[in-house]
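1. Here you go, sequence then predicted model.
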Amino acid sequence: MRKKFKTNSAIRRFIMTIIFLAAAAIATSACGSQETGSGGKLTVTATTGMIADVVREVGGEYVEVSGLMGAGIDPHLYKASQGDVKKLDGADIIFYNGLHLEGKMAEMFEALETRKPTVAVSSYLKEEQLHAAPDQETGSHDPHIWFNVKLWISATEVIRDTLAEKDPAHADYYKEHAAAYILKLEELDRYAKEQIALIPEKSRILVTAHDAFGYFGEAYGMTVTGLQGMNTMSEYGSKDVSKLRDYLVENKIKAVFIESSVPKKSIESVIEGARQLGHKVVIGGELFSDAMGDEGTEEGTYIGMVKHNVDTIVAALK
């Protein structure tokens, strides 16, 4: 009799366990089926700091943003770590630059876009707005679109529309924040034009470690050249150093610029070559090219980064 009671008790416990597990599975399924963002924040992963900054500006309190590449990181050479893969896999939305900037991550984006919004912020730009890359460069276009503030407005619109589509409950919020941020970008564009105009026209020559400032030069009236090509994966040699050295001497250029994400030894070799020919060239300052400044600083925002670059260039060449 006692043995039968134990058996029935064990069966009841087993049945209750099955019911509990089934209820938990149903609850989990129901939670997973809800519209992402309706009950919490969207989880967004962005490749570069510039993109992450715009997502924060547009998404505000309804997004949780994680950037993969911090200050001083070169996106051309960047390889995703195991931790990055987890961030990408756990994100509701992934934003990347495109145009082969993150060249070593292209296959990963292709795989992820079958499962979640994986969006290039350059996707709204038309062919005629883009610069063609030299034949030897990886990719068909110059990816450094953020150096023309007008083009970065287009990136802001991509981010706005993607957030609104994924989280329609807060679409008006994203549109309002994007509109306010675009007004700031338009003001920044005017500031850059006004400040660069203070440099004498013959002195508006920008020489940097790699050719990242082509869009900047076109937008704000400067001649731009770099030791390396648009992609830092391309190596430079003694001929490149000699060619740039001669360019500095012939054009009587007094200042060149280093970049936060590119080793300065490349530019230092050019300066030394010019010195040996009797022409003195100084480093005009450090520019932020493929990465912003440290988080928490003014240069750690897109607007602050652009202002820093403009002010540094004007101070050195004016």
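-> Great, that's in hand.

2. CA only for contacts and neighbour counts going forward, please
-> Noted.

3. Domains of the chain: list them as residue ranges, please.
-> 1-33, 42-191, 194-317 (automatic domain parsing).

4. Return the set of buried residues in stretch 293-313.
-> For stretch 293-313, burial by neighbour count (16 or more other CA atoms under 10 Å) applies to 293, 299-310, 312-313.

5. no no, stretch 274-291
-> Those would be Ala274, His279, Lys280, Val281, Ile283, Gly284, Glu286, Leu287, Phe288, Ser289, Asp290, Ala291, for stretch 274-291 by 16+ other CA under 10 Å.

6. picking up where we left off before, need the domains of the chain in CSV with mean pLDDT, can you?
-> Formatted as CSV, these follow (pLDDT from 0 to 100):
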stretch, mean pLDDT
domain 1-33, 37
domain 42-191, 94
domain 194-317, 90
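
7. how distant is stretch 222-229 from the center of its chain?
-> 20 Å (CA atoms, centre = their mean, to the nearest Å).

8. residue ranges of the helices in the stretch 101-250 of the chain, please?
-> For the stretch 101-250 of the chain, the helices defined by DSSP state H, counting those that start in this stretch occupy 106-112, 149-166, 171-196, 214-220, 238-250.

9. how near is the closest residue to Gly293 other than its chain neighbours to Ile145?
-> Excluding its sequence neighbours, the residue lying closest to Gly293 (CA to CA, 6 or more residues apart in numbering) is Gly300, at 4.2 Å. Note on Gly300: its distance to Ile145, by CA to CA, to the nearest Å, is 18 Å.

10. Equivalent analysis for Ala171, please.
-> Relative to Ile145, and taking CA to CA, Ala171 is found at 26 Å.

11. okay, those two: which has more neighbours?
-> Ile145 (27 against 17; other CA atoms under 10 Å).

12. quick one, what contacts that one?
-> When contacts are counted by CA atoms under 8 Å, 6 or more residues apart in numbering, Ile145 touches Ser122, Leu130, Leu151, Trp152, Tyr215.

13. what does Val310 give?
-> Residues near Val310 by CA under 8 Å, 6+ apart: Ala192, Gln195, Ile196.

14. Turn those residues into a markdown table, columns for distance to Asp161 and neighbour count.
-> What follows is the contacts of Val310, written out as a markdown table (distance: CA to CA, whole Å; neighbours: other CA atoms under 10 Å):
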| residue | distance to Asp161 | neighbour count |
| --- | --- | --- |
| Ala192 | 27 | 21 |
| Gln195 | 32 | 17 |
| Ile196 | 33 | 21 |
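
15. What about Asp246, how many residues nearby?
-> For Asp246, using other CA under 10 Å, the count is 17.

16. do the same with the one 3 residues further on
-> Residues within reach of Val249, counting by other CA under 10 Å, total 18.

17. That one against Arg275, yeah?
-> No - between Val249 and Arg275 there is no contact, the gap being 9.3 Å when judged by CA atoms under 8 Å.

18. ok, which stretches of the protein are strands?
-> Here the chain has its strands, by DSSP state E, at 42-46, 63-67, 93-96, 118-120, 205-210, 223-228, 255-259, 282-287.

19. Among the helices of the stretch 101-250 of the chain, which comes closest to Glu61?
-> helix 171-196 (9.7 Å; CA to CA).

20. quick one: the closest one to helix 149-166, angle?
-> 170 degrees (axes from the mean of the first three to the mean of the last three CA atoms, to 10 degrees).

21. Let me see the contact set for Thr301.
-> Gly49, Met50, Asp53, Met292, Gly293, Glu295.

22. Format the residues you listed as JSON lines; extra columns: distance to Ser269.
-> Listed next are those as JSON lines, based on distance: CA to CA, whole Å:
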{"residue": "Gly49", "distance to Ser269": "30"}
{"residue": "Met50", "distance to Ser269": "30"}
{"residue": "Asp53", "distance to Ser269": "34"}
{"residue": "Met292", "distance to Ser269": "25"}
{"residue": "Gly293", "distance to Ser269": "25"}
{"residue": "Glu295", "distance to Ser269": "31"}
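
23. and which of those is nearest to Lys86?
-> Using CA to CA, the contacts of Thr301 come closest to Lys86 at Gly49, 18.2 Å.

24. Since that was my last question, I'll sign off now.
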